[in-house]
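Student: I need the structure of the sequence given here:
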Amino acid sequence: MRTEEHGVSEAAGDGEDCSAPAEKTGGGRGAGKRRVRGEADAAGGAAKKKPRSVCPHQRRRSRCKECGGTDICPHQRQRSSCKECGGAGICQHLRQRNKCKECGGASICPHQRRRNECKECGGAGICQHQRRRSQCRECGGASLCQHQRRRSRCKECRKEADKSMPADLEELEVGDGSGDED
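Tutor: Numbers count the residues shown, from 1 in each chain. Got it, this is the predicted structure:
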């Protein structure tokens, strides 16, 4: 028997005083202390979940395309996020469920913005200067190049990248979509 109201453990009559209440995961059936994956319970019983299997490619076996994982659909995408397969992560509007404003996705804040980019909600993607963290010069954002410009729009960086390309590299031709290239 265990009494958690007063922090006293009466298991096997030991009467030890537990200063911290037991960790709960929530109400309902099976509520109790959290269990670490692969850890045995207090009664010495076996753990309920098996450790995740790792494939020879150092990935989770179920998500490895080369091993034919069960989470990979016939379109070579993750099954839960494949639109063609009707994955569970896709909503009725054919968008990612957590990012769909119409469905009230979990990543959408009450201001109808992405939660991590909302200034009013204090999203993690906003820095102390009230700018996007990745583009803030004062914070040294990751999207800024050595010239303190956006990496994707910096002409100097693009010129340097073009100079570093091998001279014998062929340019890819972009077709007009008619399918007449032979």
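Student: CA atoms for contacts and neighbours, from now on please.
Tutor: OK.
Student: how about the helices in the chain?
Tutor: For the chain, the helices defined by DSSP state H cover 155-164.
Student: show the low-confidence segments of the protein, by residue range.
Tutor: Within the chain, the segments meeting pLDDT under 70 span 1-48, 169-182.
Student: domain-wise, how is it divided?
Tutor: With domains defined by automatic domain parsing, the chain comprises 52-91, 109-160.
Student: identify whichever of those domains lies nearest to K99.
Tutor: Nearest to K99, of all these, is domain 109-160, at 7.4 Å by C-alpha to C-alpha.
Student: ends of the closest one, what's the gap?
Tutor: 41 Å (C-alpha to C-alpha, to the nearest Å).
Student: equivalent analysis for stretch 138-146, please.
Tutor: Taking C-alpha to C-alpha, stretch 138-146 runs 13 Å from one end to the other.
Student: before we move on, what about stretch 84-98?
Tutor: Taking C-alpha to C-alpha as the criterion, the two ends of stretch 84-98 lie 18 Å apart.
Student: ok, how many other residues are close to the nearest residue to G123 once chain neighbours are set aside?
Tutor: Counting by C-alpha to C-alpha, 6 or more residues apart in numbering, the nearest residue to G123 once its immediate chain neighbours are dropped is N116, at 3.9 Å. Using other C-alpha atoms under 10 Å, the number of residues around N116 comes to 16.
Student: how near is R59 to E66?
Tutor: Distance from R59 to E66, by C-alpha to C-alpha: 10 Å.
Student: anything in contact with each of the two?
Tutor: With contacts taken as C-alpha atoms under 8 Å, 6 or more residues apart in numbering, R59 and E66 have no neighbour in common.
Student: rebuild the domains of the chain as a markdown table, extending it with distance to N98.
Tutor: Shown next, in a markdown table, are the domains of the chain (distance: least, C-alpha to C-alpha, whole Å):
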| stretch | distance to N98 |
| --- | --- |
| domain 52-91 | 8 |
| domain 109-160 | 10 |
